[in-house]
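1. Got a predicted model here, sequence first, then my questions.
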Amino acid sequence: MPDSRRDHCASRSLSCVWIDGLSRQVYSFLLQLFGDTLTIFLCPVLRCKQAEIYETEADMTVILSLVIAIVPSLLLVFYFYRRDSYKKEPKRMILFAFFLGIVSIFPAVFFALALGFLEKMENPWLLSFIEAFITAALVEEVAKTGMLRFFIFRNPYFDEITDGIIYMAVISLGFACFENILYSIDDVQTALIRAFTAVPGHALWSGIMGYYFGLAKTGKDKTDRLFFKGLALGIFYHGLYDFVLFAGTKDELASRFSWMVYLIFPILIICVIHINTLLKRALQQDREIIAIGEETGINE
């Protein structure tokens, strides 16, 4: 190959290498320039998008916790309403009872705060007892009973023993629904746990009381004595449930007695058996009262 052609090829190769190197540098510069520019413009957008995702997740958590907090109470209202197989209560009375339960939480909170001085105890066992049986069970069951006594007891629709169970259960479920929202808002786990424990618990304790309130309305026994008996039973079951729960979670006791928390389940099972027994008895007694009434009407 002539020297002139070799020199031309060599110079061309050097030019290609130089151009290639320059192009790489320009490419790197442009990438860095536009990369930084894209980062400057896209980061706020990405942060906003991430914030929107977090906000959406938070909203979904709140919505889900509210649904779980409310739905169990409504399902149990429907269950107890269906159990009244002879003469169902008007739906507006059921709704009114549920509303009374929501309202009852306000006097309950007021009196619980008023009795807060009793909780200044150093002994964890005594403190658990006071919290469970006085500032929780006594105050809450009296508040719910007061709603029945003052707003439903004299209503002409309250004319069967079973009605006492139904109305008290529905009042308690209104209370439990509102209480569950306060405890469980933005906390799905708490809402789920309470859906299977505290919510049905309220219905069971108050439903048991309601049987005796129904007897007081339809029977010949002394009203005050039956009210006291029913209230005492409701407070006992409610207080016992709260006591094992509070004692099992107290810092001073949890290391040795955390197992007590699991006692809430046999307590709830006993309450289920008790209220089912009372429901069957109430339905039988109502059937007999209706039969006597029909016979009396025929004879007349």
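-> Here it is on my side, so go on.

2. can you tell me the helix or strand for the nearest residue to S104 once chain neighbours are set aside?
-> Leaving aside its sequence neighbours, S104 sits nearest to A143 (Cβ to Cβ, 6 or more residues apart in numbering; 4.3 Å). All C-beta atoms are positioned from the backbone trio N, CA, C, and that covers glycine. Remark: A143 resides in helix 139-151, with elements defined by DSSP states H and E.

3. so I161 makes contact with A216?
-> No: judged on Cβ atoms under 8 Å, I161 makes no contact with A216 at a distance of 9.4 Å.

4. more crowded one of the two?
-> Neighbours were counted for I161 and for A216 using other Cβ atoms under 10 Å; I161 has more, 25 against 22.

5. what about that one, distance to K217?
-> Distance, I161 to K217, using Cβ to Cβ, to the nearest Å: 8 Å.

6. ok so, going back, what helices or strands is the helix holding A143 leaning on?
-> helix 91-114, helix 161-184, helix 198-218, helix 223-249 (3 or more Cβ pairs under 8 Å, 6 or more residues apart in numbering; DSSP states H and E).

7. The longest one to helix 161-184, inter-axis angle?
-> Per axes from the mean of the first three to the mean of the last three Cα atoms, to 10 degrees, the angle that helix 223-249 makes with helix 161-184 is 30 degrees.

8. So for the helix or strand following helix 223-249, what gets flagged as buried?
-> Using DSSP H and E, the next helix or strand after helix 223-249 towards the C-terminus is helix 251-257. The neighbour-count check on helix 251-257 (16 or more other Cβ atoms under 10 Å) flags 253, 257 as buried.

9. got it, and stretch 212-222?
-> 212-218.

10. quick one: which of the helices and strands packed on helix 139-151 is nearest F80?
-> Nearest of the helices and strands packed on helix 139-151 to F80, taken as Cβ to Cβ: helix 161-184 at 4.5 Å.

11. Would you mind writing the CA trace of the closest one as PDB?
-> What follows is helix 161-184, C-alpha atoms only, in PDB (Å, rounded to 0.1, in the frame of the first residue of the first chain):
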ATOM      1  CA  ILE A 161     -91.100 -11.200  77.900                       C
ATOM      2  CA  THR A 162     -89.100 -11.800  74.700                       C
ATOM      3  CA  ASP A 163     -89.400  -8.100  74.000                       C
ATOM      4  CA  GLY A 164     -87.200  -7.300  77.000                       C
ATOM      5  CA  ILE A 165     -84.400  -9.500  75.600                       C
ATOM      6  CA  ILE A 166     -84.800  -8.000  72.100                       C
ATOM      7  CA  TYR A 167     -84.900  -4.300  73.200                       C
ATOM      8  CA  MET A 168     -82.000  -4.600  75.600                       C
ATOM      9  CA  ALA A 169     -79.900  -6.500  73.100                       C
ATOM     10  CA  VAL A 170     -80.500  -3.900  70.500                       C
ATOM     11  CA  ILE A 171     -79.800  -1.000  72.900                       C
ATOM     12  CA  SER A 172     -76.500  -2.700  73.900                       C
ATOM     13  CA  LEU A 173     -75.600  -3.100  70.200                       C
ATOM     14  CA  GLY A 174     -76.100   0.600  69.600                       C
ATOM     15  CA  PHE A 175     -73.800   1.200  72.500                       C
ATOM     16  CA  ALA A 176     -71.300  -1.400  71.300                       C
ATOM     17  CA  CYS A 177     -71.300   0.000  67.700                       C
ATOM     18  CA  PHE A 178     -70.500   3.500  68.800                       C
ATOM     19  CA  GLU A 179     -67.900   2.300  71.300                       C
ATOM     20  CA  ASN A 180     -66.400   0.000  68.700                       C
ATOM     21  CA  ILE A 181     -65.900   3.000  66.300                       C
ATOM     22  CA  LEU A 182     -64.200   5.000  69.000                       C
ATOM     23  CA  TYR A 183     -61.900   2.100  69.900                       C
ATOM     24  CA  SER A 184     -61.200   0.800  66.400                       C
END
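
12. pLDDT value on the residue nearest in space to the middle of the chain, please?
-> For the chain, the residue nearest the mean C-alpha position is N180 (3.1 Å; Cα atoms, centre = their mean). The model reports N180 with a pLDDT of 90.

13. isn't it right up against F196?
-> No: counting by Cβ under 8 Å, N180 sits too far from F196 to count as a contact (11.5 Å).

14. ok, I68 - contacts?
-> 184, 188, 191-192, 195 (Cβ atoms under 8 Å, 6 or more residues apart in numbering).

15. Show me which of those residues is closest to D251.
-> S184 (22.9 Å).
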